[in-house]
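1. 3D model of this:
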Amino acid sequence: MNIQNGEKMNGVLGMNSMDELSENKLKARTENKLNSLTENKLKVLAENKLKVLSENKLNVSASKKRGASGAKSARIQSGHIHVCLIGCNKFMVFYKDLDYIMFLKLLNKYADKYGTIINEIVLMTNHVHILMLTKNLTNFMRSFLNAYVKWYNRNNCTHGRLFNSPFLSSVKFTKDMVMRSQLYILKNPLKAGLCKGRNANYLWSSYGAHFGGKCYLSNFLKVDTLLFDSNFKSKWYLDKAIDDADFSSVDIFEQTTSKTALEILKEQISVKHKKESYLRVESSNVKKSNVQTSNNLSHKAQSEITINYYELCKIAMQITDGRSIFQLSINEIKELIVKLKEETCANYSQIALLTHTPRDYVIKVVREYRYLRQRR
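-> Numbering: from 1, shown residues only. Now for the predicted structure:
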(Lines give C-alpha, C1' and ligand atoms only; values in the text may rest on other atoms or scores of the structure.)
Protein backbone atom coordinates (compact mmCIF):
# COMPACT_ATOMS: atom_id res chain seq x y z
CA MET A 1 0.00 0.00 0.00
CA ASN A 2 2.81 2.31 0.93
CA ILE A 3 4.51 1.57 -2.37
CA GLN A 4 1.35 2.33 -4.26
CA ASN A 5 0.88 5.56 -2.35
CA GLY A 6 4.47 6.54 -3.10
CA GLU A 7 4.01 5.91 -6.79
CA LYS A 8 0.87 7.98 -6.76
CA MET A 9 2.70 10.81 -5.03
CA ASN A 10 5.51 10.66 -7.55
CA GLY A 11 2.97 10.80 -10.38
CA VAL A 12 1.30 13.86 -8.89
CA LEU A 13 4.66 15.56 -8.40
CA GLY A 14 5.59 14.75 -12.01
CA MET A 15 2.36 16.22 -13.27
CA ASN A 16 2.94 19.36 -11.22
CA SER A 17 6.45 19.74 -12.56
CA MET A 18 5.16 19.34 -16.12
CA ASP A 19 2.57 21.98 -15.51
CA GLU A 20 5.20 24.32 -14.11
CA LEU A 21 7.42 23.76 -17.15
CA SER A 22 4.57 24.49 -19.57
CA GLU A 23 3.66 27.62 -17.62
CA ASN A 24 7.28 28.78 -17.71
CA LYS A 25 7.42 28.20 -21.47
CA LEU A 26 4.20 30.19 -21.98
CA LYS A 27 5.55 33.00 -19.84
CA ALA A 28 8.79 33.02 -21.81
CA ARG A 29 6.91 33.11 -25.12
CA THR A 30 4.63 35.93 -24.01
CA GLU A 31 7.61 37.88 -22.69
CA ASN A 32 9.42 37.41 -25.99
CA LYS A 33 6.35 38.60 -27.89
CA LEU A 34 5.98 41.62 -25.65
CA ASN A 35 9.66 42.42 -26.01
CA SER A 36 9.44 42.17 -29.80
CA LEU A 37 6.31 44.35 -29.84
CA THR A 38 7.89 46.97 -27.60
CA GLU A 39 11.02 46.96 -29.74
CA ASN A 40 8.93 47.50 -32.89
CA LYS A 41 6.98 50.26 -31.19
CA LEU A 42 10.17 51.90 -30.03
CA LYS A 43 11.57 51.70 -33.55
CA VAL A 44 8.40 53.26 -35.01
CA LEU A 45 8.43 55.99 -32.38
CA ALA A 46 12.10 56.68 -33.00
CA GLU A 47 11.50 56.89 -36.78
CA ASN A 48 8.55 59.26 -36.25
CA LYS A 49 10.66 61.46 -33.99
CA LEU A 50 13.40 61.58 -36.60
CA LYS A 51 10.86 62.53 -39.27
CA VAL A 52 9.43 65.29 -37.09
CA LEU A 53 12.90 66.63 -36.32
CA SER A 54 13.91 66.60 -39.96
CA GLU A 55 10.66 68.35 -40.97
CA ASN A 56 11.21 70.98 -38.29
CA LYS A 57 14.73 71.57 -39.57
CA LEU A 58 13.45 71.94 -43.11
CA ASN A 59 10.71 74.35 -41.97
CA VAL A 60 13.23 76.41 -40.03
CA SER A 61 15.59 76.63 -43.00
CA ALA A 62 12.68 77.47 -45.30
CA SER A 63 11.45 80.15 -42.95
CA LYS A 64 14.93 81.67 -42.88
CA LYS A 65 14.96 81.76 -46.66
CA ARG A 66 11.38 82.95 -47.12
CA GLY A 67 11.00 85.28 -44.20
CA ALA A 68 9.95 85.51 -40.60
CA SER A 69 6.45 84.12 -41.22
CA GLY A 70 7.70 80.71 -42.37
CA ALA A 71 5.02 79.61 -44.85
CA LYS A 72 4.83 82.99 -46.59
CA SER A 73 7.48 85.59 -47.25
CA ALA A 74 7.19 88.59 -44.95
CA ARG A 75 5.74 91.58 -46.81
CA ILE A 76 8.13 94.53 -46.76
CA GLN A 77 6.35 97.51 -45.22
CA SER A 78 8.39 100.55 -46.25
CA GLY A 79 9.99 102.08 -49.33
CA HIS A 80 8.85 102.61 -52.92
CA ILE A 81 6.30 99.83 -53.45
CA HIS A 82 4.33 98.85 -56.55
CA VAL A 83 0.89 97.58 -55.50
CA CYS A 84 -1.60 95.81 -57.77
CA LEU A 85 -5.27 95.13 -56.97
CA ILE A 86 -7.17 92.66 -59.18
CA GLY A 87 -10.94 92.16 -59.15
CA CYS A 88 -12.21 88.80 -57.94
CA ASN A 89 -12.05 86.30 -60.83
CA LYS A 90 -10.81 89.27 -62.91
CA PHE A 91 -14.39 90.60 -63.05
CA MET A 92 -14.92 94.28 -63.75
CA VAL A 93 -14.91 96.54 -60.68
CA PHE A 94 -15.46 100.10 -61.96
CA TYR A 95 -18.73 100.67 -63.83
CA LYS A 96 -19.59 104.31 -63.06
CA ASP A 97 -17.47 107.43 -62.68
CA LEU A 98 -18.52 107.53 -59.03
CA ASP A 99 -16.80 104.14 -58.48
CA TYR A 100 -13.51 105.65 -59.71
CA ILE A 101 -13.94 108.94 -57.81
CA MET A 102 -14.67 107.32 -54.44
CA PHE A 103 -11.68 105.01 -54.88
CA LEU A 104 -9.42 108.05 -55.38
CA LYS A 105 -10.97 110.08 -52.56
CA LEU A 106 -10.63 107.27 -50.00
CA LEU A 107 -7.10 106.50 -51.20
CA ASN A 108 -6.18 110.17 -50.68
CA LYS A 109 -7.77 110.18 -47.21
CA TYR A 110 -5.88 107.12 -45.94
CA ALA A 111 -2.63 108.16 -47.67
CA ASP A 112 -2.71 111.36 -45.58
CA LYS A 113 -3.53 109.35 -42.45
CA TYR A 114 -0.61 106.92 -42.87
CA GLY A 115 1.94 109.37 -44.31
CA THR A 116 1.96 107.72 -47.75
CA ILE A 117 2.92 109.48 -51.00
CA ILE A 118 1.33 108.34 -54.28
CA ASN A 119 3.87 108.58 -57.12
CA GLU A 120 1.86 106.96 -59.92
CA ILE A 121 -1.56 105.38 -60.37
CA VAL A 122 -3.85 103.98 -63.03
CA LEU A 123 -7.36 102.63 -62.55
CA MET A 124 -8.30 100.10 -65.21
CA THR A 125 -11.73 98.48 -65.38
CA ASN A 126 -10.87 95.33 -63.40
CA HIS A 127 -7.51 96.11 -61.79
CA VAL A 128 -5.46 98.96 -60.31
CA HIS A 129 -1.73 99.78 -60.29
CA ILE A 130 -0.32 102.10 -57.61
CA LEU A 131 3.28 103.14 -57.00
CA MET A 132 3.69 104.64 -53.54
CA LEU A 133 6.26 105.69 -50.97
CA THR A 134 5.08 104.39 -47.60
CA LYS A 135 6.26 103.29 -44.15
CA ASN A 136 3.28 101.12 -43.18
CA LEU A 137 2.00 99.28 -46.25
CA THR A 138 -0.25 96.60 -44.75
CA ASN A 139 -2.13 98.84 -42.31
CA PHE A 140 -2.54 101.53 -44.95
CA MET A 141 -3.92 99.13 -47.58
CA ARG A 142 -6.10 97.25 -45.08
CA SER A 143 -7.77 100.43 -43.80
CA PHE A 144 -8.24 101.84 -47.28
CA LEU A 145 -9.63 98.62 -48.82
CA ASN A 146 -12.02 98.00 -45.92
CA ALA A 147 -13.44 101.51 -46.32
CA TYR A 148 -13.78 101.29 -50.10
CA VAL A 149 -15.30 97.79 -50.19
CA LYS A 150 -17.87 98.79 -47.55
CA TRP A 151 -18.84 101.85 -49.59
CA TYR A 152 -18.92 99.86 -52.85
CA ASN A 153 -21.11 97.09 -51.43
CA ARG A 154 -23.51 99.58 -49.87
CA ASN A 155 -23.75 101.69 -53.03
CA ASN A 156 -24.08 98.75 -55.47
CA CYS A 157 -26.19 96.41 -53.30
CA THR A 158 -23.47 93.75 -53.21
CA HIS A 159 -21.63 91.90 -50.46
CA GLY A 160 -18.33 90.08 -49.93
CA ARG A 161 -14.88 90.69 -51.34
CA LEU A 162 -14.25 92.99 -54.27
CA PHE A 163 -10.56 92.32 -54.97
CA ASN A 164 -8.46 89.18 -54.88
CA SER A 165 -6.73 88.78 -51.53
CA PRO A 166 -3.96 89.35 -50.65
CA PHE A 167 -2.96 92.26 -52.89
CA LEU A 168 0.27 92.06 -54.91
CA SER A 169 3.21 94.20 -53.83
CA SER A 170 6.78 94.59 -55.04
CA VAL A 171 9.43 96.79 -53.43
CA LYS A 172 11.55 98.89 -55.79
CA PHE A 173 15.02 99.17 -54.25
CA THR A 174 16.66 101.39 -56.87
CA LYS A 175 15.75 104.49 -58.87
CA ASP A 176 15.82 102.45 -62.08
CA MET A 177 13.31 99.94 -60.71
CA VAL A 178 11.02 102.79 -59.64
CA MET A 179 11.28 104.25 -63.14
CA ARG A 180 10.37 100.95 -64.80
CA SER A 181 7.30 100.58 -62.60
CA GLN A 182 6.14 104.08 -63.44
CA LEU A 183 6.55 103.46 -67.18
CA TYR A 184 4.66 100.18 -66.81
CA ILE A 185 1.78 101.95 -65.05
CA LEU A 186 1.61 104.74 -67.64
CA LYS A 187 1.80 102.20 -70.48
CA ASN A 188 -1.24 100.22 -69.23
CA PRO A 189 -4.01 102.33 -70.86
CA LEU A 190 -2.13 102.40 -74.18
CA LYS A 191 -1.63 98.64 -74.12
CA ALA A 192 -5.32 98.03 -73.36
CA GLY A 193 -6.43 100.43 -76.08
CA LEU A 194 -8.22 102.73 -73.63
CA CYS A 195 -6.73 105.88 -75.15
CA LYS A 196 -5.95 106.80 -78.72
CA GLY A 197 -2.82 108.39 -80.09
CA ARG A 198 0.67 108.47 -78.70
CA ASN A 199 -0.01 110.20 -75.38
CA ALA A 200 -1.19 108.07 -72.48
CA ASN A 201 -3.73 110.76 -71.55
CA TYR A 202 -6.25 108.37 -69.99
CA LEU A 203 -8.88 109.93 -67.69
CA TRP A 204 -8.08 107.68 -64.69
CA SER A 205 -4.29 107.82 -65.00
CA SER A 206 -1.78 110.13 -63.32
CA TYR A 207 -0.10 110.84 -66.68
CA GLY A 208 -1.48 114.38 -66.90
CA ALA A 209 0.07 115.35 -63.54
CA HIS A 210 3.63 115.11 -64.91
CA PHE A 211 5.72 118.26 -65.44
CA GLY A 212 3.35 120.39 -63.38
CA GLY A 213 0.32 119.54 -65.49
CA LYS A 214 -3.25 119.18 -64.30
CA CYS A 215 -5.45 116.15 -64.87
CA TYR A 216 -8.96 115.11 -63.86
CA LEU A 217 -7.61 112.53 -61.45
CA SER A 218 -5.66 115.14 -59.45
CA ASN A 219 -8.98 116.72 -58.38
CA PHE A 220 -9.45 113.80 -55.99
CA LEU A 221 -5.92 112.50 -55.28
CA LYS A 222 -2.56 114.15 -54.63
CA VAL A 223 0.13 112.68 -56.88
CA ASP A 224 3.85 113.48 -56.58
CA THR A 225 5.71 112.94 -59.89
CA LEU A 226 8.84 115.05 -59.25
CA LEU A 227 11.17 112.05 -58.86
CA PHE A 228 10.10 110.59 -62.19
CA ASP A 229 10.06 113.90 -64.09
CA SER A 230 13.71 114.53 -63.17
CA ASN A 231 14.72 111.68 -65.52
CA PHE A 232 13.36 113.43 -68.63
CA LYS A 233 14.05 116.84 -70.21
CA SER A 234 10.45 117.42 -71.23
CA LYS A 235 7.10 115.70 -71.69
CA TRP A 236 8.05 114.80 -75.26
CA TYR A 237 10.82 112.52 -73.97
CA LEU A 238 8.42 111.04 -71.44
CA ASP A 239 5.93 110.25 -74.22
CA LYS A 240 8.70 108.62 -76.25
CA ALA A 241 9.81 106.49 -73.30
CA ILE A 242 6.22 105.33 -72.66
CA ASP A 243 5.66 104.63 -76.34
CA ASP A 244 8.89 102.64 -76.77
CA ALA A 245 8.81 100.71 -73.47
CA ASP A 246 8.18 96.98 -73.94
CA PHE A 247 7.11 94.83 -70.98
CA SER A 248 5.80 91.82 -72.91
CA SER A 249 8.59 89.50 -71.74
CA VAL A 250 9.27 91.08 -68.34
CA ASP A 251 7.59 90.49 -64.98
CA ILE A 252 7.28 93.94 -63.40
CA PHE A 253 7.01 92.33 -59.96
CA GLU A 254 10.52 90.83 -60.19
CA GLN A 255 12.73 92.29 -57.49
CA THR A 256 16.03 92.31 -59.38
CA THR A 257 17.26 93.13 -62.85
CA SER A 258 20.71 92.85 -64.38
CA LYS A 259 20.38 96.04 -66.50
CA THR A 260 19.27 99.50 -65.53
CA ALA A 261 15.95 100.87 -66.77
CA LEU A 262 17.67 103.50 -68.92
CA GLU A 263 19.85 100.88 -70.63
CA ILE A 264 16.82 98.69 -71.36
CA LEU A 265 14.88 101.65 -72.74
CA LYS A 266 17.77 102.69 -75.00
CA GLU A 267 18.03 99.14 -76.36
CA GLN A 268 14.29 98.95 -76.98
CA ILE A 269 14.22 102.34 -78.70
CA SER A 270 17.15 101.45 -80.99
CA VAL A 271 15.56 98.11 -81.92
CA LYS A 272 12.25 99.81 -82.64
CA HIS A 273 13.88 102.41 -84.89
CA LYS A 274 15.70 99.67 -86.79
CA LYS A 275 12.40 97.85 -87.35
CA GLU A 276 10.70 101.06 -88.51
CA SER A 277 13.48 101.86 -91.01
CA TYR A 278 13.40 98.28 -92.30
CA LEU A 279 9.62 98.46 -92.74
CA ARG A 280 9.90 101.77 -94.64
CA VAL A 281 12.38 100.21 -97.07
CA GLU A 282 10.20 97.14 -97.51
CA SER A 283 7.03 99.20 -98.06
CA SER A 284 8.74 101.25 -100.80
CA ASN A 285 9.50 98.05 -102.68
CA VAL A 286 5.92 96.78 -102.65
CA LYS A 287 4.44 96.35 -106.14
CA LYS A 288 1.08 97.76 -107.19
CA SER A 289 -0.32 94.27 -107.67
CA ASN A 290 -0.06 93.63 -103.91
CA VAL A 291 -1.96 96.77 -102.88
CA GLN A 292 -5.37 95.11 -103.20
CA THR A 293 -4.39 92.11 -101.07
CA SER A 294 -2.98 94.36 -98.35
CA ASN A 295 -6.24 96.34 -98.33
CA ASN A 296 -8.21 93.12 -97.92
CA LEU A 297 -6.00 92.04 -95.03
CA SER A 298 -6.31 95.41 -93.29
CA HIS A 299 -10.11 95.28 -93.69
CA LYS A 300 -10.13 91.81 -92.13
CA ALA A 301 -7.97 93.00 -89.25
CA GLN A 302 -10.30 95.95 -88.59
CA SER A 303 -13.32 93.63 -88.48
CA GLU A 304 -11.62 91.59 -85.74
CA ILE A 305 -10.94 94.62 -83.48
CA THR A 306 -12.95 94.54 -80.26
CA ILE A 307 -14.21 97.42 -78.16
CA ASN A 308 -12.27 98.36 -75.02
CA TYR A 309 -13.75 97.75 -71.57
CA TYR A 310 -14.10 101.42 -70.65
CA GLU A 311 -16.29 102.18 -73.68
CA LEU A 312 -18.21 98.94 -73.15
CA CYS A 313 -19.00 100.00 -69.57
CA LYS A 314 -20.41 103.31 -70.79
CA ILE A 315 -22.66 101.53 -73.31
CA ALA A 316 -23.83 99.07 -70.65
CA MET A 317 -24.69 101.93 -68.26
CA GLN A 318 -26.74 103.58 -71.05
CA ILE A 319 -28.62 100.34 -71.71
CA THR A 320 -29.40 99.86 -68.00
CA ASP A 321 -30.28 103.56 -67.44
CA GLY A 322 -27.41 104.00 -65.00
CA ARG A 323 -28.31 101.03 -62.81
CA SER A 324 -25.59 98.80 -61.43
CA ILE A 325 -25.14 95.33 -62.90
CA PHE A 326 -25.87 93.93 -59.44
CA GLN A 327 -29.34 95.53 -59.37
CA LEU A 328 -30.53 93.75 -62.53
CA SER A 329 -32.77 90.68 -62.62
CA ILE A 330 -31.78 87.51 -64.49
CA ASN A 331 -33.94 88.44 -67.50
CA GLU A 332 -32.47 91.96 -67.58
CA ILE A 333 -28.94 90.51 -67.54
CA LYS A 334 -29.88 88.26 -70.47
CA GLU A 335 -31.21 91.27 -72.39
CA LEU A 336 -28.03 93.20 -71.63
CA ILE A 337 -25.86 90.28 -72.86
CA VAL A 338 -27.80 90.09 -76.13
CA LYS A 339 -27.70 93.85 -76.76
CA LEU A 340 -23.97 94.08 -76.05
CA LYS A 341 -23.26 91.20 -78.43
CA GLU A 342 -25.60 92.35 -81.21
CA GLU A 343 -25.00 96.11 -81.04
CA THR A 344 -21.27 96.25 -80.26
CA CYS A 345 -18.13 94.41 -81.38
CA ALA A 346 -17.50 93.04 -77.89
CA ASN A 347 -16.44 89.40 -77.66
CA TYR A 348 -17.91 86.75 -75.35
CA SER A 349 -15.11 87.05 -72.78
CA GLN A 350 -15.56 90.81 -72.43
CA ILE A 351 -19.31 90.48 -71.90
CA ALA A 352 -18.76 87.68 -69.37
CA LEU A 353 -16.37 89.83 -67.32
CA LEU A 354 -18.69 92.83 -67.45
CA THR A 355 -21.85 90.92 -66.44
CA HIS A 356 -20.08 88.68 -63.88
CA THR A 357 -21.30 85.54 -65.65
CA PRO A 358 -19.44 82.52 -67.09
CA ARG A 359 -18.40 82.73 -70.73
CA ASP A 360 -20.34 79.55 -71.59
CA TYR A 361 -23.49 81.13 -70.17
CA VAL A 362 -23.05 84.21 -72.39
CA ILE A 363 -22.62 82.00 -75.48
CA LYS A 364 -25.73 80.00 -74.53
CA VAL A 365 -27.87 83.15 -74.08
CA VAL A 366 -26.78 84.61 -77.43
CA ARG A 367 -27.32 81.32 -79.27
CA GLU A 368 -30.83 80.94 -77.80
CA TYR A 369 -31.71 84.48 -78.86
CA ARG A 370 -30.42 83.95 -82.43
CA TYR A 371 -32.27 80.62 -82.70
CA LEU A 372 -35.58 82.19 -81.63
CA ARG A 373 -35.00 85.11 -84.00
CA GLN A 374 -34.50 82.72 -86.94
CA ARG A 375 -37.69 80.83 -86.12
CA ARG A 376 -39.68 84.04 -86.24
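2. near Lys150, how many other residues are there?
-> Around Lys150 sit 12 other residues, with neighbours defined as other CB atoms under 10 Å. C-beta here means a position set from N, CA and C on the backbone, and glycine is covered the same way.
3. next one, pLDDT for it please.
-> What the model reports as pLDDT for Lys150 is 95.
4. that one - that's part of a strand, no?
-> No - the assignment for Lys150, made by DSSP: H, G, I helix; E, B strand; the rest coil, is helix rather than a strand.
5. gap between it and Arg161?
-> Noted for Lys150: a distance of 12 Å to Arg161, by CB to CB, to the nearest Å.
6. quick one, strands of the stretch 1-150 of the chain?
-> 79-86, 117-123, 127-134 (DSSP state E, counting those that start in this stretch).
7. tell me the angle the shortest one makes with strand 79-86.
-> What it means is strand 117-123. Here strand 117-123 points in a direction 20 degrees away from that of strand 79-86 (axes from the mean of the first three to the mean of the last three CA atoms, to 10 degrees).
8. who touches strand 117-123?
-> 80, 94, 100, 103-104, 107-108, 111, 128-134, 178, 181-182, 185-186, 188-189, 202, 204-206, 217, 221-225, 227-228 (CB atoms under 8 Å, 6 or more residues apart in numbering).
9. among these, the buried ones, what's the PyMOL command?
-> Burial among the contacts of strand 117-123 is assessed by 16 or more other CB atoms under 10 Å; the matching PyMOL selection reads:
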select buried, resi 80+94+100+103+104+107+108+111+128+129+130+131+132+133+134+178+181+182+185+186+188+189+202+204+205+206+217+221+223+225+227+228
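10. circling back to that earlier point, mind putting the strands of the stretch 1-150 of the chain into a markdown table with mean pLDDT and distance to Leu372?
-> Compiled in a markdown table, these are given as follows (pLDDT from 0 to 100; distance: least, CB to CB, whole Å):
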| stretch | mean pLDDT | distance to Leu372 |
| --- | --- | --- |
| strand 79-86 | 94 | 37 |
| strand 117-123 | 95 | 39 |
| strand 127-134 | 95 | 37 |
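11. Ala241: which of the ones you listed is closest?
-> The closest approach between Ala241 and any of the strands of the stretch 1-150 of the chain, judged by CB to CB, belongs to strand 117-123 at 13.4 Å.
12. can you give me the buried ones in the closest one?
-> Neighbour-count burial for strand 117-123 [16+ other CB under 10 Å]: Ile118, Asn119, Glu120, Ile121, Val122, Leu123.
13. what residues does the residue nearest to His210 when sequence neighbours are not counted make contact with?
-> Closest residue to His210 apart from its sequence neighbours, by CB to CB, 6 or more residues apart in numbering: Thr225 at 4.9 Å. Going by CB under 8 Å, 6+ apart, Thr225 touches Asn119, Glu120, Ser206, Ala209, His210, Phe211.
14. which among those residues gets closest to Arg373?
-> Closest to Arg373, out of all of these and judged by CB to CB, is Ser206, at 46.0 Å.
15. Cys215 is in contact with the closest one, correct?
-> Yes - with contact defined as CB atoms under 8 Å, Ser206 reaches Cys215; the gap is 6.9 Å.
16. what backbone torsions are found at the nearest residue to Ser78 once chain neighbours are set aside?
-> Closest residue in space to Ser78, ignoring its immediate chain neighbours: Lys135 at 4.6 Å, by CB to CB, 6+ apart. Note on Lys135: its backbone torsions stand at phi -120, psi -10 [degrees, to the nearest 10].
17. count of residues packed around Lys135?
-> Lys135: 12 neighbours (other CB under 10 Å).
18. surely Tyr363 is in a helix?
-> One correction, residue 363 is Ile, not Tyr. Yes - the assignment for Ile363 is a helix, going by three-state DSSP.
19. OK, contacts around it?
-> So Ile363 contacts Tyr348 (CB under 8 Å, 6+ apart).
20. what residues does Met124 make contact with?
-> Met124 touches Phe94, Asn188, Pro189, Ala192, Leu194, Trp204, Tyr309, counting by CB under 8 Å, 6+ apart.
21. kindly recompute the last result at 10 Å.
-> 85-87, 92-94, 188-189, 191-192, 194, 202, 204-205, 308-310 (CB atoms under 10 Å, 6 or more residues apart in numbering).
22. cool, Leu221 as well?
-> Contacts of Leu221 by CB under 10 Å, 6+ apart are 101, 103-109, 111, 118, 121, 130, 206, 209, 215.
23. from these, which is closest to Thr355?
-> Using CB to CB, the contacts of Leu221 come closest to Thr355 at Phe103, 21.2 Å.
24. all set now, cheers.
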